[in-house]
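*Asks:* here is the input, now give the coordinates:
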Amino acid sequence: MSALTDRSRWKVTKTESTEYEALAAHLADLQEKCERWHKATASYFLNEEEQAAMQKSFPASSYIRYDGGYPEAGKKKVFFLYDPEDMPDEIVCLTAKADQRFRKIGHRDILGALMHLQIDRHSFGDFWIEDDRIYLYTAEPMAQFLIDNLLRIGQLSISLERTEERPSRPVNMRPFEAVIASERLDAVVAGICHCSRREAKEKIRQGLIQVNHTVLEEPDEVCHNNVTISIRGTGRFVYRGIVRTTRNGRICASFEQFV
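*Replies:* The predicted structure follows:
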């Protein structure tokens, strides 16, 4: 049980001591209860930024699991396990037929219907529409509440039910290339946004850039292959690496954009 009783894991980083102090304290409390009660405990669903911040003090291990119902989930709960073999099966996938022949709905419509029920965003995980079917991840007892109360999305009537399947949200990517001066992150951001490096540095200074869901603070950091770059107001991208070097010594780099 050393993985749970090592209190050094509970130390909060400088970033967490401000924006994420309450969340870090909540997870530390869950971890302590797991040890005291000899049973698994779980947080609410965390978004990707919250997960990235918490991974610093609560790194994933055999005793600490991040799970959103499927491996590539964006929103995940943090599970603290007393026994690594005793992972709770509390995440539920709900699904409903969505007949969109006369009324199209999208992500905002589903989110709006969920918010209309006055439930917290942390009480459900990923959701999407695929092939005229809605998929929504949540946990007990919220699953039954949603089955009983989420009956309409806009003008569309739906009937949610549990499914034993664990589908993954489809991800659509648009590949493209951009010329950058170097692999410094300010140069990479400038290439993506088609702006000057001065403007890119200003975006970084304003906290508008995230790398792997963590706010970028230093513009001169090197951008490594396959990192995710989120630019507020522009989109989310994956840097794939150098394709070739131009005659004037600039770099042609490969990217993919989430669409």
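
*Asks:* where exactly do the strands run in the stretch 51-200 of the chain?
*Replies:* Under the criterion DSSP state E, counting those that start in this stretch, the stretch 51-200 of the chain contains strands at 64-67, 76-80, 91-97, 124-130, 133-139, 152-153, 156-157, 161-163, 173-180.

*Asks:* ranges for the helices of the stretch 151-259 of the chain?
*Replies:* In the stretch 151-259 of the chain, the segments counted as helices under DSSP state H, counting those that start in this stretch are 185-193, 197-205.

*Asks:* picking that back up, pick out the shakiest of the strands of the stretch 51-200 of the chain, pLDDT-wise.
*Replies:* Lowest mean pLDDT within the strands of the stretch 51-200 of the chain: strand 156-157, at a mean of 92.

*Asks:* what lies in contact with that strand?
*Replies:* Contacts with strand 156-157, where a contact means Cβ atoms under 8 Å, 6 or more residues apart in numbering, come from 98-100, 103, 105, 151. In short, each C-beta sits where N, CA and C put it, glycine included.

*Asks:* tell me the strands beside it, with direction?
*Replies:* Applying DSSP bridges, strand 156-157 is found paired with strand 152-153 (antiparallel).

*Asks:* distance from stretch 30-40 to the middle of the chain?
*Replies:* Distance of stretch 30-40 from the chain centroid (Cα atoms, centre = their mean, to the nearest Å) equals 25 Å.

*Asks:* and stretch 52-72, by the same measure?
*Replies:* Distance of stretch 52-72 from the chain centroid (Cα atoms, centre = their mean) equals 11 Å.

*Asks:* quick check: end-to-end length of that stretch?
*Replies:* For stretch 52-72, the first-to-last residue distance is 14 Å (Cα to Cα, to the nearest Å).
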